[in-house]
Structures are given as structure tokens and as C-alpha cells.
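Colleague: Coordinates for the following, if possible.
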Amino acid sequence: MSPTLRSALCLGVVLATLASGPIGATAARLGAGSSLQGQTAEVSVGDVGYAGYFTRQLKEVCSFDCDKWDGLGVGAGMQRLATCVTAACTAYNSTHNYVLVSMGSCKPGTVSPPPPPPPCGNDTIWAAPRTPGEAPPATNITAYKFTTSAPALVAQSSPIIFTWQPIQKLVPSEVKWGGYFTIPPPTASATTYTTSSPSPLGCAGCAKNDPRRGWDVGSVVLQVTSVNSTYFTASCAMAISNNPNKTVVVDSGHFYSSFAPLTSFAPGLFPTATIATITGIPPGSEGTTVTMSQKVGGTKPSSNPLIYLACHFTVSAC
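Modeller: Have a look, this model is predicted:
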């Protein structure tokens with residue numbers, strides 16, 4: 001081993017020895033053939049420590065020596081580092097002790113601190129259709145009907161369908177990405193229209209409404225329910241997927257549901273008269289579901305009524 005490399009090591013001589021016996025490098029040089037037989041090891045200062053079994057009697061004590069060698073030779077420039085090293089000695093059986101040496105607070109200047117954790121990123125999420133590229137306007141997603149008395153899902157056909165549109169359909173001057181869904185209200189009480197498989201996705205950072213430009217946070221289920229002929233509720237639920245590459249936390253949500261078209265896509269400006277009830281935040285973590293629900297606002301038109309739905313979240317990914 002070169003002097004340069006040796007200078008970066010702490011020579012930890014680990015011995016289970018008699019109290020009156022030799023210690024440190026001298027003891028190590030006695031070798032396996034001497035009356036004092038123990039194990040020795042070189043331990044880098046950056047290591048947690050060294051452990052080993054030692055074939056001596058149980059009345060022995062732990063001794064150690066830890067030196068930083070500057071390359072000038074044994075005894076020529078040894079700097080004692082024993083003050084930052086600790087040893088523990090426990091009985092293993094009738095003939096062996098177990099010795100653990102910890103490098104403790106040894107902190108040579110040549111040891112670099114661990115790298116910082118990767119930075120966290122924040123993204124905005126909009127519920128969007130699953131498309132292979134940029135989602136085209138008027139993308140349809142099948143609606144399914146169920147009732148309290150008939151809970152089985154029944155696929156519906158146009159015009160009972162969830163239709164996605166980009167923001168610019170309602171606000172042509174808007175430059176941001178994102179969009180909304182529309183669906184006619186259920187005509188019978190205690191009836192729900194819902195999305196199923198394939199479901200919309202919670203698309204994070206999906207510029208130009210293109211899933212390839214962002215990432216899928218989880219599956220989204222949209223529902224609208226008729227309580228009676230004039231009272232409707234809506235909900236948006238996102239099941240947050242387990243992500244193998246990031247630690248994901250959904251930390252806020254905004255929901256718009258109304259018979260009136262959106263006039264702004266700033267989630268903070270969604271009408272406060274029908275603030276959504278949010279469950280699942282906190283924790284908003286992977287493997288959990290975040291649900292937003294609220295009364296459908298506005299006044300139901302007498303002809304061709306549509307419910308407008310916009311589902312927005314924010315997410316932190318580390």
C-alpha cells in the first residue's frame with residue numbers, strides 16, 4: 001500500500017488482550033505465533049467500524065490503538081486518534097469475546113460529507129384523458145350509470161358521456177395547459193354518472209396537454225349525482241400511484257363543478273360559494289386517495305344542461 005493511500009487510513013488495531021499485555025501496533029506485530037493471539041484490521045476513517053471474534057479468555061479487556069500514519073514510517077509521524085475511537089467487548093462463548101470498534105467522531109479533512117438529497121420539484125396536476133400525445137379537443141370518455149338500488153355499472157352512450165376540452169375552448173387567450181370535462185346531469189334522482197376504466201389520469205407537468213411531457217400521478221374518477229331534480233353533487237377522486245423513482249405528496253386540491261362555464265382557470269379563483277370538501281390531504285401520500293366533493297353550482301338550464309368539471313391538484317416530488 002502506498003504511503004499516500006496509507007495516510008488516508010486509520011490503522012485500527014483491535015485486540016482482546018490481558019490488562020497487562022501489549023497494545024496497539026506492537027501487539028499486532030506479535031503475530032499469530034505469539035502468546036498473545038488476536039485479530040487485527042485496518043479501518044478507514046470513513047467506515048462505521050470493525051467487528052470480529054477473538055480467541056482469548058473472558059477476563060481479558062478490550063484495547064485498541066488508532067493511528068493516522070503520515071507516510072514517514074512507523075513511529076516517525078504517528079498522530080494519535082484514539083480519542084475519537086471507542087471499543088466494546090462482550091462475551092460470545094466460553095472461549096471467544098466479541099469486539100466492536102466504532103470510528104465514532106473521527107473526521108479527517110479528506111472525508112467529504114455525503115451528497116445532499118435530490119431536490120424536490122413541484123408540479124400542477126389537471127385531470128385529463130389518457131391519450132398517446134396531445135389530447136385533442138372534444139376527447140370523449142365513457143360514462144357509466146349506477147343507482148342506489150342498482151349499483152352495477154352500466155355503460156352509457158352519447159350524449160351521456162364525459163367530454164374533455166382544453167382551457168382555450170372557454171378562454172382563448174389562456175396560454176397555460178389544462179382542461180375541463182362536461183357531462184349532462186342525471187335525469188333521475190339517486191343516480192350517478194361516473195368514469196371507470198380507462199379512467200382519466202392526474203397529469204402532472206403535462207405541457208400542451210401531452211402526457212409524454214409530464215407524468216402520471218394516479219387514476220382519477222369523476223362522478224356527478226342527482227339528489228333530486230334541482231340538487232346535484234360532484235366529486236373528483238385521485239388514487240395516488242406508488243412511484244418507484246420519487247417520493248410523491250399531493251398537498252392541495254381545487255375543484256370546479258357548476259352549470260356555469262368556467263371564466264377563469266386560476267384554481268384559487270374557483271367560486272368560493274361551493275368550496276370543495278377535501279379528504280385525504282394530509283397525508284396525500286402514495287397509495288392513498290384524495291377526494292374532492294361539492295354541490296354543483298349555478299342554475300340548471302332548462303334545455304341542454306351541462307355540468308362543467310375541472311379537477312386540479314398540486315404535487316411535490318422528491
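Colleague: Assumed G287 was part of a helix.
Modeller: No. With DSSP: H, G, I helix; E, B strand; the rest coil as the criterion, G287 is located in coil rather than a helix.
Colleague: Count the residues that sit near it.
Modeller: Residues lying near G287 (other CB atoms under 10 Å) number 11. Quick note: C-beta positions are derived from backbone N, CA and C, even for glycine.
Colleague: so what's it up against?
Modeller: G287 makes contact with 240, 242, according to CB atoms under 8 Å, 6 or more residues apart in numbering.
Colleague: what do you get for Q168?
Modeller: E174.
Colleague: now do the one 10 residues further on
Modeller: With contacts defined as CB under 8 Å, 6+ apart, G178 is in contact with 124, 126, 128, 166-167, 209, 265, 310, 312.
Colleague: Kindly recompute the last result at 6 Å.
Modeller: Residues near G178 by CB atoms under 6 Å, 6 or more residues apart in numbering: 126, 167, 265.
Colleague: Give me the three-state assignment for the first one.
Modeller: If I follow you right, that is W126. Taking three-state DSSP, the label given to W126 is strand.
Colleague: Please name the bridge partners of it.
Modeller: On the basis of DSSP bridges, W126 is bridged to C203, H312.
Colleague: got the phi/psi numbers for the closest residue to R213 other than its chain neighbours?
Modeller: Nearest residue to R213, sequence neighbours excluded (CB to CB, 6 or more residues apart in numbering): A207, at 4.5 Å. Main-chain dihedrals, A207, degrees, to the nearest 10: phi -60, psi 140.
Colleague: and A207, how many neighbours?
Modeller: Neighbours of A207 using other CB under 10 Å come to 12.
Colleague: confidence score at it?
Modeller: For A207, the pLDDT comes out at 97.
Colleague: what's the answer for C120, then?
Modeller: 89.
Colleague: is it true that it touches C318?
Modeller: Yes. Counting by CB atoms under 6 Å, C318 is a contact partner of C120 at 4.0 Å.
Colleague: Any figure for the gap between the residue nearest to R213 and L269?
Modeller: 22 Å (CB to CB, to the nearest Å).
Colleague: Then P186?
Modeller: 28 Å.
Colleague: Comparing those two, which shows the higher neighbour count?
Modeller: P186 (21 against 12).
Colleague: Over to that one: give its phi and psi.
Modeller: Taking degrees, to the nearest 10 as the convention, P186 sits at phi -60, psi 140.
Colleague: Report how many residues lie close to the residue nearest to it when sequence neighbours are not counted.
Modeller: Using CB to CB, 6+ apart and skipping the chain neighbours, the partner closest in space to P186 is S226 (4.0 Å). As a burial measure, S226 scores 20 neighbours (other CB under 10 Å).
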